[in-house]
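> 3D model of this:
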Amino acid sequence: MKIVIYGATEIGCLLATEFFEDHDITVIDKEENRTEEFDKLDISFVQGNATDISVLKNADIFNSDVFIACTALDEANIVACLSAKKVSGIRTICFVSNEEYKNSMEADKSADYLDNFYIDYVIWPEALLTQELFRIVTVAHALDVENFADGKARLLEYKVKTGSSIVGKMVKDCNFTKDTIIVGIKRDSLLFIPNGLTEINEDDKLIFMGTPRSLDILAGTFFHEKEQVKSVAIIGGGKVGYMLAKSLEDMRIKAKIIEKNYDRCEYLAQELNKSIVINGDGTDLKLLNEEEIGESDVVISVTNNDERNLLCSLLVKQLGVKRVIARVSKVLNIPLFEKVGIDIAISSKTSAINEVKNDLDETDVDILATVEQGEAEVLEIPVKEEFNNKMIKDIKFPAPAIIGVIQRRHHVIIPKGDTMMRHRDILIIFTKTESAAKIKELFKVV
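Down below sits the predicted model:
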């Protein structure tokens, strides 16, 4: 596949890095925006502005399959996508940072008046980040939360604390709840798929899949007492902070927002019904004490500055907040945040890249989620006829993988070795990203 990317941004670099080994990549941007990271990749670079038809022609747009616009300017991305669509009919993917643009660009493509003047797929990374933050916040102590099969199945990640009853035990002896499978363990910097003989260590991150009910029981038994998130403090009242507070209000969770800009505070106070809006600096320790931020169940720092988010997170950690989540703009900064003790560091770019990967995948396999900053993937794979009536234990995986959930019509099954697959079942499989291609190939029928 030939892919043209407009924007030598971090997202553009992440996309090029993700796809250049299997696809022909051309990046368009001004020469001054080109970084050393692009020079490390086997890609083409065309200097110029992709809103210019002649530049698109130089990038061989007529022989390309996909055009992705991901500069920092929404208007440039939109115009470039529309220009590429108009001259070549190419599939277009557009990154935006404003809800208004997303809504207006997602018009009905079948409408007669549009002709070939539309954008195929609009991605708003901040909305994806907000959704992910909301899932994590509303499940006490979870490091990651993903929902599958219309909410009938779920993935949860927890850290094993000092003194936990499962430390030193093998997986088979832990008596984890029914309808729950442990699919992965992150130990130090190594992510692996465990078996029954794997021993659990202190500070391991355990990744489970199962039904919501069984995972609730699991969490209450092994990772925290029955506990609900009742209060959340949000540092940063931008788009993500506002959308997150709005969602928390719908769940009747008390939210406080600390925002430095007074005019923005006035807007938030008018738009939010129950949240408390505080005009101040999230790095002001005196303010944090006065507003009793240390009493919050969760604190989330979502300003658009990594250094500020890191400082705010470290300060609230000092105040005794048990669970601190930080937004990270630069994906490479995530390990640093985790190394200094931030519970969860999360980037909107990771989810956005996953959206693009799904859109470009030419198979009938979907990537439902990525785990541990892309080290593992959750795949959704339909069962072909040749696997009908085959038991799970008889599947010879070419690489480590676990079938965590089987979706059968409107029901979900948490499988065991003797569970039998049926034609048209949907398998939800956990595997390391480096092994995903082999797992897809196994279920591929020519």
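
> buried residues of stretch 170-180, list them for me.
By neighbour count on 16 or more other Cβ atoms under 10 Å, the buried set for stretch 170-180 is Val171, Cys174, Phe176, Thr177, Asp179, Thr180. From N, CA and C alone the C-beta is placed, and that goes for glycine too.

> hmm, which two among those are most spread apart?
Val171 and Asp179 (15.9 Å; Cβ to Cβ).

> in the chain, what helix or strand scores lowest on average pLDDT?
helix 99-105 (a mean of 79; mean pLDDT, DSSP states H and E).

> contact partners of that one?
Contacts with helix 99-105, where a contact means Cβ atoms under 8 Å, 6 or more residues apart in numbering, come from Asp74, Ile78, Cys94, Val96, Tyr118, Ile119, Val122, Trp124, Ala127, Lys239.

> can you give me the strands for the stretch 301-446 of the chain?
324-327, 344-346, 366-371, 376-382, 401-408, 411-413, 426-432 (DSSP state E, counting those that start in this stretch).

> pick the most buried one from those.
Sort the strands of the stretch 301-446 of the chain by mean neighbour count, taking mean count of other Cβ atoms under 10 Å, and strand 324-327 sits at the top with a mean of 26.

> so what strands line up beside it?
strand 298-301 (parallel), strand 344-346 (parallel) (DSSP bridges).

> can you flag the weakest of those by average pLDDT?
Ranked by mean pLDDT, the strands paired with strand 324-327 bottom out at strand 344-346, with a mean of 92.

> picking up where we left off before, how distant is the least confident helix or strand of the chain from the center of its chain?
21 Å (Cα atoms, centre = their mean, to the nearest Å).

> mind listing what Thr92 touches?
Neighbouring residues of Thr92 by Cβ under 8 Å, 6+ apart: Val66, Phe67, Ile68, Ala69, Cys81, Leu82, Ala84, Lys85, Ile119, Asp120, Tyr121.

> whoops, I mixed them up, Val160
Taking Cβ under 8 Å, 6+ apart, we find Val160 in contact with Ile166, Val167, Ile200, Asn201, Glu202, Asp203, Asp204, Lys205, Leu206.

> and the helix or strand containing Ala245, what does it pack against?
Assigned by DSSP states H and E, Ala245 falls within helix 239-250. Applying 3 or more Cβ pairs under 8 Å, 6 or more residues apart in numbering; DSSP states H and E, we find helix 239-250 packed against helix 125-137, strand 231-235, strand 254-259, helix 262-271.

> just put these in TSV and tack on mean pLDDT.
Formatted as TSV, these follow (pLDDT from 0 to 100):
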stretch	mean pLDDT
helix 125-137	91
strand 231-235	96
strand 254-259	95
helix 262-271	96
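
> wait, which of these is closest to Pro415?
Ranking the helices and strands packed on helix 239-250 by distance to Pro415, with Cβ to Cβ as the measure, places helix 125-137 first at 23.9 Å.

> tell me which residues are up against that closest one.
With Cβ under 8 Å, 6+ apart as the criterion, helix 125-137 contacts 11, 95, 97, 99, 102, 142-147, 229, 232, 239-240, 243-244, 247-248, 253, 298, 300, 302, 325, 327, 344, 346-349, 351-352, 355.

> list the buried residues for that helix?
Using 16+ other Cβ under 10 Å as the test for burial, helix 125-137 gives Pro125, Glu126, Ala127, Leu128, Leu129, Thr130, Glu132, Leu133, Phe134, Arg135, Ile136, Val137.

> swap in stretch 337-349?
In stretch 337-349, counting by 16+ other Cβ under 10 Å, buried: Phe337, Glu338, Ile342, Asp343, Ile344, Ala345, Ile346, Ser347, Ser348, Lys349.

> looking at it, the last one is touching Ile11, isn't it?
Translated: Lys349. Yes - counting by Cβ atoms under 8 Å, Lys349 does reach Ile11; the two are 5.6 Å apart.

> which residues touch stretch 242-256?
Here stretch 242-256 makes contact (Cβ under 8 Å, 6+ apart) with 126-127, 130, 133-134, 137-138, 229-234, 257, 268, 271-278, 291, 293, 296, 300, 302.

> just how off-centre is it within its chain?
Counting by Cα atoms, centre = their mean, stretch 242-256 comes out at 20 Å from the chain centroid.

> also stretch 390-399?
Taking mean C-alpha positions (Cα atoms, centre = their mean), stretch 390-399 and its chain are 28 Å apart.

> gap between the two ends of that stretch?
Using Cα to Cα, to the nearest Å, the end-to-end distance of stretch 390-399 comes to 19 Å.

> narrow the contacts of helix 125-137 to just the buried residues.
Among those, the ones that count as buried by 16+ other Cβ under 10 Å are 11, 95, 97, 102, 142-146, 229, 232, 239-240, 243-244, 247-248, 253, 298, 300, 302, 325, 327, 344, 346-349, 351-352, 355.
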